[in-house]
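1. This is a predicted model, with the sequence first.
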Amino acid sequence: MKKPLAKLFTAAVVLAGIHGSAHALTLGTDFLSYAATSIGSVPGLPVNYGGLTVKAGDTSTLLIGGAANGASGLIYEIGVTRDGSNHITGFTGVAAAVGTVGAYNDGGVTYGPGGVLFTSRWPVNELGQTEPGSTGEDKIIDLAALGVAGSHSAVNFVPAGFGGAGHMKLVSWGGGQWYDALYSPDGSGTYDITSVTQIDLDPVAAGTQNLVGGPEGFVFIAAGNAGFAVNSLLVSDYSSGRVSAYDLDVNGDPLVTTRRDFLTGLSGAEGATIDPLTGDFLFSTFGGGSQVVVVQGFRAPDPDPDPPHGVPEPATLILFGAALMGLGAVRRRP
């Protein structure tokens, strides 16, 4: 397991007392208008927690990984309570496994094209795909064979309205290698990855620059939210005990020289997702009592032209992939 016991103990000390308040968490100086609150542990969910996302078509249910990083790991669903402004404030019921989906689950649990649920698998360096209505992963891709450094930890798709919209982005823990992946329908309801390219996140500096801090789940933040002058990325940094903010370039890739502290004073930051009703940022913790933290203060997202995550239709992806097939994959080890 990548999560050492000493790290888990530290996380428990930091987060154990913050249920219902954010006093143990510190927002960065550019982000003081936001409010961070732990809503506690998920009833019935095995520790430690993996990634999370609001269930497609059901904003009263959260999907979240339990027993993360192990062969016995699964994705669970849990009901959520919302206040009069639709902010998630807690949980209802007891977590129930979504069939057999989610072995080795890690920081990436997100919907992509066709409503397929994509799940990062650590430390086996794989990417799982589950079609709508399935109770088991319908496809598992070996990312090592595509040049992804061990091991892949999170996945997401660039939303509509951002540079690089529709691109699949991958990241590895703990070297922080960041990748752009081309993909296309396989004819069975899931997707092939046709190539993976490692992205240098600071073309000016010598060598290939990666994300720092042991990155896990990440989400895209639109320009115009408080403290975000340009389209940006928030990353749950497991190793450094923080959430980091980065400016994005025109391709939807983070620029490492723009890193700012969004939230510090925690350990074990793991998953990352955006609440489609309110724009709130939610993240889970691997350790730290295994909790879910909600950060309010973001704008509610615009209606998505292609639910659940603004990914182009498959025909668009095929044309896009054909135009970029000259891009090569780069193998990089931490």
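-> Structure's in. What do you need? The shown structure was predicted, so the numbers you read here are calculated from the model rather than taken from an experiment.
2. Give me the contact list for the helix or strand hosting residue 216.
-> Assigned by DSSP states H and E, residue 216 belongs to strand 215-221. For strand 215-221, the external contacting residues (C-beta atoms under 8 Å, 6 or more residues apart in numbering) are 51-52, 106-109, 153-154, 156, 158-159, 162, 169, 171, 173, 176, 228, 231-238, 245, 248, 252, 269-274, 281, 283-284, 286, 298. Just so you know, the C-beta spots here come from the backbone N, C-alpha and C atoms, and that holds for glycine as well.
3. Could you rerun that using 6 Å?
-> 51, 107, 153-154, 156, 159, 162, 171, 176, 228, 232-238, 270-272, 274 (C-beta atoms under 6 Å, 6 or more residues apart in numbering).
4. Give me the residue at the spatial middle of the protein.
-> residue 217 (3.0 Å; C-alpha atoms, centre = their mean).
5. Report the spatially nearest residue to that one, omitting neighbours in sequence.
-> Once flanking residues are discounted, residue 217 sits nearest to residue 272: 3.2 Å by C-beta to C-beta, 6 or more residues apart in numbering.
6. Need phi/psi at that neighbour.
-> Backbone torsions for residue 272, taken as degrees, to the nearest 10, come to phi -160, psi 130.
7. isn't residue 150 right up against residue 126?
-> No: the pair residue 150 / residue 126 is not scored as a contact, 10.5 Å apart, by C-beta atoms under 6 Å.
8. which of these two has more neighbours?
-> Remark: of residue 150 and residue 126, residue 126 carries more neighbours, 21 against 18, as counted by other C-beta atoms under 10 Å.
9. and the closest residue to the more buried one other than its chain neighbours, what are its bridge partners?
-> Excluding its sequence neighbours, the residue lying closest to residue 126 (C-beta to C-beta, 6+ apart) is residue 140, at 5.3 Å. Judged by DSSP bridges, the bridge partners of residue 140 are residue 128.
10. before we move on, back to that, how about the residue nearest to residue 217, what does it touch?
-> 217-219, 236, 283.
11. In terms of pLDDT, where does it sit?
-> You'll see residue 272 listed with a pLDDT of 98.
12. May I have the phi/psi pair for residue 257?
-> Residue torsions, per degrees, to the nearest 10, at residue 257 are phi -70, psi -10.
13. any idea how far residue 202 is from it?
-> 6 Å (C-beta to C-beta, to the nearest Å).
14. Repeat that for residue 244.
-> Residue 244 is 15 Å from residue 202, by C-beta to C-beta.
15. Looking at those two, which is more packed in?
-> More crowded of residue 244 and residue 202, by other C-beta under 10 Å: residue 244, with 26 against 15.
16. Contacts only, for that one.
-> 235, 237, 259.
17. Just want the angle from the helix or strand hosting it to strand 215-221.
-> Remark: residue 244 resides in strand 242-247, with elements defined by DSSP H and E. If you take axes from the mean of the first three to the mean of the last three C-alpha atoms, to 10 degrees, strand 242-247 sits at 50 degrees to strand 215-221.
18. Show me how far strand 242-247 is from its chain's centre.
-> 13 Å (C-alpha atoms, centre = their mean, to the nearest Å).
19. Paired strands for that strand, with orientation please.
-> strand 232-237 (antiparallel), strand 260-264 (antiparallel).
20. Verify the contact between residue 108 and residue 50 for me.
-> No: if you go by C-beta under 6 Å, residue 108 and residue 50 don't touch, sitting 8.5 Å apart.
21. Any idea how many residues pack against residue 190?
-> Counted with other C-beta under 10 Å, residue 190 comes out at 23.
22. What of residue 30?
-> Counted with other C-beta under 10 Å, residue 30 comes out at 15.
23. Residue 133 too?
-> 7.
24. my read is it is in a strand, agree?
-> No: counting by DSSP: H, G, I helix; E, B strand; the rest coil, residue 133 is not found in a strand; it is coil.
25. What separation is there between it and residue 117?
-> From residue 133 to residue 117 the distance is 11 Å (C-beta to C-beta).
26. quick one, strands of the stretch 151-300 of the chain?
-> Shown for the stretch 151-300 of the chain, the strands assigned by DSSP state E, counting those that start in this stretch span residues 152-157, 168-172, 178-185, 191-198, 215-221, 232-237, 242-247, 260-264, 273-274, 281-284, 292-296.
27. any chance of the ones you listed in CSV, plus distance to residue 30?
-> Formatted as CSV, the strands of the stretch 151-300 of the chain follow (distance: least, C-beta to C-beta, whole Å):
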stretch, distance to residue 30
strand 152-157, 23
strand 168-172, 23
strand 178-185, 23
strand 191-198, 29
strand 215-221, 12
strand 232-237, 11
strand 242-247, 8
strand 260-264, 6
strand 273-274, 19
strand 281-284, 15
strand 292-296, 14
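28. and of the ones you listed, who's closest to residue 207?
-> strand 191-198 (11.8 Å; C-beta to C-beta).
29. quick one: buried residues of the closest one?
-> 191, 193-198 (16 or more other C-beta atoms under 10 Å).
30. cool, and stretch 134-147?
-> Buried, per 16+ other C-beta under 10 Å, within stretch 134-147: 134, 137-141, 143, 146-147.
31. Same question for stretch 292-305.
-> Quick answer for stretch 292-305 (16+ other C-beta under 10 Å): 292-298, 301.
32. Stretch 89-105 too?
-> Those would be 90-91, 95, 97-98, 101-105, for stretch 89-105 by 16+ other C-beta under 10 Å.
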